[in-house]
Structure formats: C-alpha cells, structure tokens
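Q: sequence first, predicted coordinates after that:
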Amino acid sequence: MSQDTPDKSELMRSNIITLVFTVIFLVLVVLFWMWSAPDVVDTSPVGALNDINPYVTFVIEILVLFGVFVFGTVTVVNFRLQLTDVRAGWPEIILMIIVVAVIAYLAFGVNAMGGAVVLSLGFVAYLYLLQE
C-alpha cells in the first residue's frame, strides 16, 4: 500500500463524489423500502419487478445496499485521512458493515441483510488481499 497521502483538494473532491453516490444509493434504498409497502406494492416498480421474477427485486435490493457499503466506506476512509492524515483502520470498516446490516435489516429483513453482509465482507476480503 502506498504511504503517500493525496492532496487535500483531491481528498475533498473524492469525498464529495463518494458522498453523492452514497446519498444516491441511500435514496434508492428508501425508495425500494417505500415501494415494497403492502398497500402500494401492486402499483409500484417493485410490484412490476415481482411480476417478472420475485428474486430480481431481492437481488437489486442487495446490490443497492452493497453500493451503500462501498461508497460509504470510501467516504469514511477518505474523510478520516483528510482530517487526521491517518488512514482509517478496521474499526471504521466494521462500523460501516454494522450500519449497512442494520439498514438492510430494518428496510428489507434478515435475508437481504445476510446477502448485503456477505457481499460487504467479500469486498473487504478482496481489498485486504489486494494490499498484500
């Protein structure tokens, strides 16, 4: 892993971009949660996806939660690097996994939470192996 820290302007630009993507994915999570409500599911895009295949909605929910994890983690890591000039460690990454797991459980249930956590842990393992 490189020991060079990027310029503050590069970190700020990266933080803004990743924060925007995190917010976009969080909005998608909220929209899918609202569209999955029993009284509107028949007339919502989720209902149309369920008519095609019920698993399509489930996979999209997991992928959107995975996007929240990826961009949220990058935002947290870059923000800590910008503030303290110290790269973020395991506590920040574990905190983001917990946050995504709680959001997934509250919005979509235990099955989506499990899928999102497995993808998130796989991404963390990939990044860990990448730095070796």
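A: Sure thing, it's come through.

Q: just the strands in this protein please.
A: Ranges of strands in the chain, per DSSP state E: none exist.

Q: please name the nearest non-neighbouring residue to Ser44.
A: Counting by Cβ to Cβ, 6 or more residues apart in numbering, Ser44 lies nearest to Trp35, which is 3.7 Å off, once chain neighbours are set aside. C-betas here are computed from N, CA, C, even on glycine.

Q: residues near the one you found, how many?
A: 17 (other Cβ atoms under 10 Å).

Q: so it touches Thr43, yeah?
A: No. Between Trp35 and Thr43 there is no contact under Cβ atoms under 8 Å: 9.1 Å.

Q: only C-alpha atoms, please: export stretch 53-62 in PDB.
A: Extracted in PDB, the C-alpha atoms of stretch 53-62 (Å, rounded to 0.1, in the frame of the first residue of the first chain):
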ATOM      1  CA  ASN A  53     -39.400 -12.600 -11.100                       C
ATOM      2  CA  PRO A  54     -39.600 -12.100  -7.300                       C
ATOM      3  CA  TYR A  55     -35.900 -12.700  -7.000                       C
ATOM      4  CA  VAL A  56     -35.000  -9.700  -9.200                       C
ATOM      5  CA  THR A  57     -36.200  -7.300  -6.500                       C
ATOM      6  CA  PHE A  58     -34.200  -9.200  -3.900                       C
ATOM      7  CA  VAL A  59     -31.000  -9.100  -5.900                       C
ATOM      8  CA  ILE A  60     -31.400  -5.400  -6.700                       C
ATOM      9  CA  GLU A  61     -32.000  -4.600  -3.000                       C
ATOM     10  CA  ILE A  62     -28.800  -6.400  -2.000                       C
END
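
Q: buried ones in it?
A: Using 16 or more other Cβ atoms under 10 Å as the test for burial, stretch 53-62 gives Thr57, Phe58, Glu61, Ile62.

Q: same check, this time on stretch 85-92
A: By neighbour count on 16+ other Cβ under 10 Å, the buried set for stretch 85-92 is Ala88.

Q: endpoint to endpoint, it covers what distance?
A: Chord length of stretch 85-92, first to last residue, is 15 Å (Cα to Cα, to the nearest Å).
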